[in-house]
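Visitor: sequence first, predicted model second:
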Amino acid sequence: MSVFIDTNVLVRSIVPSSPMHEPAVRAIASVIESGEPVVLTPQVTAEFRNVVTRPLEKNGLGLSP
């Protein structure tokens with residue numbers, strides 16, 4: 001069975017200050033360790049890029065593309 005990973009889980013996994021950082025990292029690690037295929041859709045990758053590159057003052061992470 002394939003496992004879909006949502007944008008929110010990916011974003012939380014790269015923000016150490018997020019209260020959900022550790023659970024997100026554990027969830028992703030668990031899926032990878034299970035050997036099940038991980039699914040990221042084009043929509044999820046686009047949303048992830050939009051969130052992480054959006055300026056901080058516009059509710060993004062302000063990272064460089």
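Guide: Structure's in. What do you need? Predicted, not measured: the structure shown is a model, and the values here were computed from it.
Visitor: going forward, measure contacts and count neighbours with C-alpha atoms only.
Guide: Will do.
Visitor: does Val51 touch Ser64 like I think?
Guide: No: taking C-alpha atoms under 8 Å as the definition, Val51 is not a contact partner of Ser64, at 11.2 Å.
Visitor: contact partners for the spatially most central residue of the chain?
Guide: Closest to where the C-alpha atoms of the chain average out (C-alpha atoms, centre = their mean) is Leu10, at 0.7 Å. Applying C-alpha atoms under 8 Å, 6 or more residues apart in numbering to Leu10 gives the contacts Ala24, Phe48.
Visitor: which SSE is it in?
Guide: With secondary structure defined by DSSP states H and E, Leu10 is part of helix 7-13.
Visitor: tell me the helix or strand right after that helix.
Guide: Next along the chain after helix 7-13, taking DSSP H and E as the criterion, comes helix 21-34.
Visitor: just the residues contacting that next one, thanks.
Guide: Outside helix 21-34, the residues touching it (C-alpha under 8 Å, 6+ apart) are Val3, Ile5, Val9, Leu10, Arg12, Ser13, Ile14, Val15, Pro16, Val38.
Visitor: if we use 7 Å, what do you get?
Guide: Residues lying outside helix 21-34 but in contact with it, judged by C-alpha atoms under 7 Å, 6 or more residues apart in numbering, are Val9, Arg12, Ser13, Val15.
Visitor: much appreciated, bye for now.
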